[in-house]
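> give me a model of this one.
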Amino acid sequence: MPNGAQALIRTLVDSGVTTCFTNPGTSEMHFVAALDSVPEMRAVLALFEGVATGAADGYARMSDRPGATLLHLGSGLGNGLANLHNARKGRVPVVNIVGDHATHHTKYDAQLQSDIETVARNVSSWVRTSQSPAALAGDAVEAIAAAHGPPGQVATLILPADVSWSDGAEPAGPPELATPPVASGEVVEEAVRALRGRGRTAILLGGRALREPGLVAAGRIAAATGAQLLAEVFPTRLERGAGLPPVERVAYLAELASVQLAGLKHLILVDAKAPVSFFAYPGKRSYLVPDGCEVHELAASTDDALGSLGALVAALDAGGFEAARQEPSRPERPTGPLTADKVCQAIGAVLPEGAIVSDESQTSGVTLAAHTAGAPRHDLLALTGGAIGQGLPVAVGAAIACPGRPVLALEGDGSAMYTIQSLWTMAREQLDVTAVIMNNRSYAILEIELERVGAERPGPTAKEQLDLAGPDLDFVQIASGLGVSSVRVDTADDLLAALERAIAEPGPHLIEAVVPSVYSGLKLRAMPHALRVLEKLPRPIAKAAKSRFFP
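Residues are numbered from 1 along each chain as shown. Okay, here's the model as predicted:
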């Protein structure tokens, strides 16, 4: 009979979990040794647990099946929590295998002993410590089923060392996965009444509704009723570009989101939550749905979003309407000294067909959506939970899930440093990832937030907490030390050449783009509906709003 670790890996593989991102320690050595007995399992080593958990997230987003991790005890799990938080908020299926001390050893409270279950519950919807080799495979099946959901979830299976090394285990067959329900007739009819009623109506899409079939169905509804299509602020996976129905993301800035949503009488939710402010601010609203707007939930995260949209299309007799499609377009190739806007413009000018964009560019990427709207179709993976350090690991997982597709990781300099070890895994696995680091030598997003929260005028000590200069980060040297070909650029012409070279050549590349901070002026054209609404407001109000947010 196989030992526990062998039976566990066989159960994972037979259930479709075939890639495990690892950062193991002593307690996980029998799992590591068992990998050779199940060659169908691909094990990918990460130098930091946050890379492993973020990569499992990116892998699951693009493969539509759970990514797995192998982590070392409670401390290792703790190191990976930030990106598991992002996976939880994005409703992404992840199966964590977390090693523990042997059951008979726990009473001694050794140096690495901790309450792993308590750590895991911060981010996991399902947690269990397996108690015997005989029970291990069944526990794994339940973990896999829980991860699948719906909705997708983080499931954590804790594996004591003696359960892993002991004989007496048997692999188990794959789980029966739950079938999500379609919206009831009453729910669909309520949405029909809202769409056919008076007043402005919007449909807010999230989750799987932001893939092409969901976008097409929602686009038919919009064409038939005049409803506006919106997407979550930070989508888990958004299919976009030429030939796909366009959808406008709700703005990150609550003030701008309020402008987008102003005047709504009905808001229909499809696998999305009603919009709220990312943070609380003195004297400002947290719940962004305007007063007098009625909220209708067509499909919750536990429901079949696509099936529910299809039912609404049928109830509206909208099947004969054509969804609007994004026309192909490219921005002009920029020239001259680099700015953050020119970096986004250059990406739009050269983005290849089928690209996957892991976007954690923070303030520097505010115009990316506008410049890539008509680019060849691509997938956008956003920072779902707001915990920075996601962009590079998610790119690793996406590249492993989709080896035939180019991956672009667009990063801020501060967030890149959280999980810069990702570059080593990219080099080791020879992944086709191009990382573009927007180096403005500051936490620019926090400069904005410092003003928005109404803090007192910052002095020199406060400013130092937001400044990344002195010493200046040198991403070319860092990348070189981690085995990735790299270059620094400070002109648009050099950036274009570097992008085209990186896209054409196999393997990972890093481009450090030195740009000034965009704090001095964000771009309204990144949010076209907000601009249209501002233009309709009384002139003094519109002027004040523009000068306040876009000096």
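> just to check, His509 is in contact with Ala435?
Yes: contact status for His509 versus Ala435: in contact at 7.2 Å, counting by C-beta atoms under 8 Å. C-beta coordinates here come from the backbone N, C-alpha and C atoms, glycine included.
> higher neighbour count, those two?
Ala435 (28 against 22; other C-beta atoms under 10 Å).
> number of residues surrounding Gly292?
A count of nearby residues for Gly292, using other C-beta under 10 Å, gives 9.
> again with Met1
Applying other C-beta under 10 Å, I find that Met1 has 11 neighbouring residues.
> just Thr461 next, same as before
For Thr461, the neighbour count with other C-beta under 10 Å is 7.
> if we can go back for a sec, okay, and the common contacts of His509 and Ala435?
Contact criterion C-beta atoms under 8 Å, 6 or more residues apart in numbering; residues shared by His509 and Ala435: Val484.
> need the contact list for Val357.
351, 368, 372, 378-381, 407-408, 410.
> would you verify that it is located in a strand?
Yes: using DSSP: H, G, I helix; E, B strand; the rest coil, the secondary structure at Val357 is a strand.
> specify the beta-bridge partners of it.
Listed by DSSP bridges, the beta-bridge partners for Val357 are Leu380, Leu408.
> helices along the stretch 51-200 of the chain, start to end?
For the stretch 51-200 of the chain, the helices identified by DSSP state H, counting those that start in this stretch occupy 73-79, 81-89, 116-121, 133-148, 161-165, 185-196, in order along the chain.
> would TSV of the contacts of Val357 with pLDDT and distance to Asp162 be doable?
Formatted as TSV, these follow (pLDDT from 0 to 100; distance: C-beta to C-beta, whole Å):
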residue	pLDDT	distance to Asp162
Leu351	98	51
Leu368	94	50
Thr372	97	52
His378	98	47
Asp379	98	43
Leu380	98	45
Leu381	98	39
Val407	98	40
Leu408	98	45
Leu410	97	45
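> which of those residues sits closest to Arg200?
Proximity of the contacts of Val357 to Arg200 (C-beta to C-beta) peaks at Leu380, which lies at 26.4 Å.
> how many neighbours does that closest one have?
Applying other C-beta under 10 Å, we find 24 other residues in the vicinity of Leu380.
> got a list of what it touches?
For Leu380, the set of contacting residues under the criterion of C-beta under 8 Å, 6+ apart consists of 235, 237-240, 357, 359.
> equivalent analysis for Asp64, please.
Asp64 sits next to no residue when contact means C-beta under 8 Å, 6+ apart.
> what does the pLDDT read for it?
At Asp64 the predicted local confidence, pLDDT, stands at 97.
> once you drop chain neighbours, what's closest to Asp100?
Nearest in space to Asp100, with sequence neighbours left out and distances taken as C-beta to C-beta, 6 or more residues apart in numbering, is Pro160 at 4.6 Å.
> got a pLDDT number for the one you found?
Here the pLDDT value assigned to Pro160 is 97.
> which residues touch it?
In this structure, Pro160 makes contact with 27, 99-103, 129-131, judged by C-beta under 8 Å, 6+ apart.
> hmm, back to that, I'd like the helices of the stretch 51-200 of the chain as CSV, with distance to Gly292 and mean neighbour count appended.
Output for those, formatted as CSV (distance: least, C-beta to C-beta, whole Å; neighbours: other C-beta atoms under 10 Å):
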stretch, distance to Gly292, mean neighbour count
helix 73-79, 45, 21
helix 81-89, 29, 24
helix 116-121, 39, 19
helix 133-148, 39, 22
helix 161-165, 57, 23
helix 185-196, 13, 16
